[in-house]
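Student: predicted model follows, preceded by the sequence.
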Amino acid sequence: MSIRERSLQVFREEASDHLDELESALLALEESPGNAEIVQGVFRTVHTLKGSSAMFGFDNLAMLAHMLEDVFDLIRKGRMVPEPRFIEIAFSAKDVMSSMVEAMEDTSDDLKARANNLIKELKRFLPKAGEEVPPPTDSPAPPQATAENVDGDGMKTYNIRFRPEQGIFRRGINIFTVLEDLRALGSCDINVLTEDLPLLEDLEPLDCYLAWDIVLSTDKGENSIRDAFLFVEDGSDISIERTGEHSETETAEGNLPAPDKSAASKASASSVRVPAEKLDTMVDLVGELVTVQARLRQAASVDEESEFYYISEDVERLTNALRDNAMGLRMIPMNATFNRFKRLVRDLSAELGKEVELITGGGETDLDKHVIERLNDPLTHILRNSIGHGIETPAERTAAGKSSRGMVYISAEHSGGNVHIRIVDDGRGIDPERVRARALEKGLVHKDQELTEMDTYRLIFAPGFSTAETVSNVSGRGVGMDVVKKNIEALRGSISIESEKGKGTTIILKIPLTLAIIDGLLVRIGEGNYVIPLTNIEECVEVRVENISGEVNGLVEVRECLVPYVNLREKFGIRGGIPPISQVVVTEGNGRRTGVLVDEVIGEIQTVIKSLGAMYRDVEGISGGTILGNGTVALILDVNHLIQKNTKKEMSLM
């Protein structure tokens with residue numbers, strides 16, 4: 001990869017982060033239009049986008065960001081109020097800029113036309129040439145200029161020291177644009193410092209060894225000067241002092257205290273951006289190490305008094321620590337995902353003419369990056385269903401004695417090796433009779449078939465099922481919740497529903513923390529070994545052969561309760577008879593308890609999940625494989641799929 005390609009990749013990642021920040025800030029500004037801190041944050045974000053995009057030649061993106069920056073400059077100076085129409089245009093501008101960054105180009109006819117239209121809209125908020133915009137009547141009078149350090153024409157003089165971080169060029173940043181921005185502020189005397197320049201043989205072409213002393217005379221405040229350094233300040237040493245003063249703060253109205261550069265430098269030094277592919281490779285290598293360590297321990301267990309055995313214990317301890325650390329590197333908080341849904345809820349509620357507030361909780365809960373990425377689509381559809389089907393219109397809610405503003409609450413919390421994600425709404429809830437009637441229409445159930453409330457809710461996940469009377473952009477096509485269920489089960493998770501008519505609905509997702517390494521229970525059936533994920537297991541019960549039916553699906557008594565079980569020997573066509581004493585591993589998934597009949601329970605094991613390849617990808621009841629310490633392969637059971645198949649057979653026999 002060339003230097004420019006690497007630089008463009010860095011630009012794309014950082015621009016995406018800035019755009020996410022911009023969207024969150026706009027949502028907050030919509031709720032608190034008078035919050036000066038939010039306005040200042042938006043201004044700085046847009047200013048950074050403008051500078052970095054211009055540096056890489058994305059002129060249309062830079063122009064749109066520049067126009068948005070100009071309007072926010074009026075807002076932060078108190079000359080304009082962020083009215084709803086402007087906020088809507090700002091959201092559209094953010095969307096167009098996101099499309100430009102995603103496509104890594106801004107010259108396509110469609111994007112260019114959309115950007116130009118938004119620039120025209122934004123220009124309407126700016127004063128025309130020669131027109132003076134008066135400050136609001138309720139704003140305080142501007143501070144009076146003092147004689148100290150102010151020239152006769154109102155100019156102030158600043159001494160500036162700018163020492164960029166040594167690797168700033170590797171981020172694709174052209175630092176000379178900073179000097180150009182400073183020149184635009186007033187009279188500028190620039191002196192380059194070369195004392196850190198190494199000998200030619202020691203010089204690294206991609207490193208910056210220069211610094212600059214600058215004397216600037218301007219009528220602008222210190223905040224305007226700091227704006228010139230916005231996208232180079234991380235890791236750089238920047239000092240700004242008024243002539244005759246030794247303060248880094250500006251007391252004039254509208255100027256904020258200078259940021260703590262030492263803190264920024266520490267923050268920059270304490271974190272590093274690493275490509276996700278490198279983390280994935282490291283996790284894969286750690287997985288291989290876990291497998292080798294298991295083989296080492298098995299070989300050493302022959303003589304537990306030998307030095308070899310004690311060495312294997314030390315290797316196991318270090319391997320476990322390395323495994324936990326490697327898995328932790330790929331764990332990210334749910335906050336970013338939850339914040340992304342605020343825009344979805346805002347736009348969808350406006351489209352449907354509803355008032356909906358999204359409340360989030362547990363955003364600090366960590367989850368594997370790959371799991372979060374695959375959760376985005378299911379969570380999006382669930383939220384759309386909650387707003388489209390669940391939340392009533394303001395008139396309907398008022399008539400029902402509720403607040404006109406609906407509420408959707410999404411939260412996450414750790415529970416053992418899983419994360420539980422709850423999506424709760426205070427809407428109309430699910431009507432079991434209506435669901436059953438629609439299921440009868442579609443032939444999903446028999447007329448005389450008895451269904452519990454839980455069984456009725458599960459019908460919502462049937463392919464093609466929908467209770468919507470008309471087809472819209474949000475619902476009615478019968479495509480969605482069945483796909484949600486498949487996606488959640490593909491993550492080895494489960495989904496359940498709780499609802500009360502007229503009160504609301506709760507959807508609970510149970511998701512494993514990671515997809516790479518799991519804790520499981522190793523069992524034996526015939527000559528084969530199988531692994532059942534521990535997160536699905538409730539208990540193991542010993543049973544005698546005379547109490548077991550020979551059918552694939554039967555019932556077994558567990559603590560005075562009859563539990564349906566799956567006879568894997570029959571299901572997988574394994575030769576041989578059932579041992580006189582067998583084990584039933586009681587599992588839980590999708591809100592149901594199901595037993596798995598096995599010959600022997602060997603014990604707990606930590607497994608690295610391996611794909612079985614394209615040929616065996618669609619084998620029912622198997623989600624992958626793993627290599628045991630003795631080098632043999634054990635198949636990992638897909639408990640949710642087994643329970644689902646068992647449930648369908650039970651219902652068909654009703």
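Tutor: Arrived safely, thanks for sending. Numbering: from 1, shown residues only.
Student: show me the domain layout of the protein.
Tutor: For the chain, automatic domain parsing gives the domain ranges 3-123, 156-260, 277-329, 332-512, 517-652.
Student: now those domains in JSON lines, with mean neighbour count and mean pLDDT?
Tutor: The C-beta positions use only the backbone N, C-alpha and C, and glycine is treated the same way. As requested, these are exported to JSON lines (neighbours: other CB atoms under 10 Å; pLDDT from 0 to 100):
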{"stretch": "domain 3-123", "mean neighbour count": "18", "mean pLDDT": "87"}
{"stretch": "domain 156-260", "mean neighbour count": "16", "mean pLDDT": "77"}
{"stretch": "domain 277-329", "mean neighbour count": "15", "mean pLDDT": "85"}
{"stretch": "domain 332-512", "mean neighbour count": "17", "mean pLDDT": "85"}
{"stretch": "domain 517-652", "mean neighbour count": "17", "mean pLDDT": "79"}
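Student: which stretches in the stretch 401-550 of the chain count as helices?
Tutor: Assigned helices in the stretch 401-550 of the chain, in chain order: 432-441, 453-458, 481-490 (criterion: DSSP state H, counting those that start in this stretch).
Student: who are the packing partners of the second one?
Tutor: Contact here means 3 or more CB pairs under 8 Å, 6 or more residues apart in numbering; DSSP states H and E; on that basis helix 453-458 packs against helix 432-441, strand 494-500.
Student: Glu222: which of those is closest?
Tutor: With CB to CB as the measure, strand 494-500 is the member of the helices and strands packed on helix 453-458 nearest Glu222 (54.4 Å).
Student: and the closest one, which strands flank it?
Tutor: strand 504-512 (antiparallel) (DSSP bridges).
Student: ok, the closest residue to Gly417 other than its chain neighbours - contacts?
Tutor: With CB to CB, 6 or more residues apart in numbering as the criterion, Gly417 has its nearest non-adjacent residue at 5.0 Å, and that residue is Thr535. By CB atoms under 8 Å, 6 or more residues apart in numbering, the contact list for Thr535 reads 416-418, 492, 510, 512, 518-519.
Student: please apply the same query to Tyr457.
Tutor: Tyr457 makes contacts with 430, 432, 435, 497, 499, as judged by CB under 8 Å, 6+ apart.
Student: and what of Tyr158?
Tutor: Counting by CB under 8 Å, 6+ apart, Tyr158 makes contact with 214-218, 222, 225, 240-243.
Student: turn those residues into JSON lines, columns for secondary structure and distance to Leu29.
Tutor: Output for the contacts of Tyr158, formatted as JSON lines (DSSP: H, G, I helix; E, B strand; the rest coil; distance: CB to CB, whole Å):
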{"residue": "Ile214", "secondary structure": "strand", "distance to Leu29": "34"}
{"residue": "Val215", "secondary structure": "strand", "distance to Leu29": "37"}
{"residue": "Leu216", "secondary structure": "strand", "distance to Leu29": "32"}
{"residue": "Ser217", "secondary structure": "strand", "distance to Leu29": "35"}
{"residue": "Thr218", "secondary structure": "strand", "distance to Leu29": "29"}
{"residue": "Glu222", "secondary structure": "helix", "distance to Leu29": "24"}
{"residue": "Ile225", "secondary structure": "helix", "distance to Leu29": "25"}
{"residue": "Ile240", "secondary structure": "strand", "distance to Leu29": "28"}
{"residue": "Glu241", "secondary structure": "strand", "distance to Leu29": "33"}
{"residue": "Arg242", "secondary structure": "strand", "distance to Leu29": "32"}
{"residue": "Thr243", "secondary structure": "coil", "distance to Leu29": "37"}
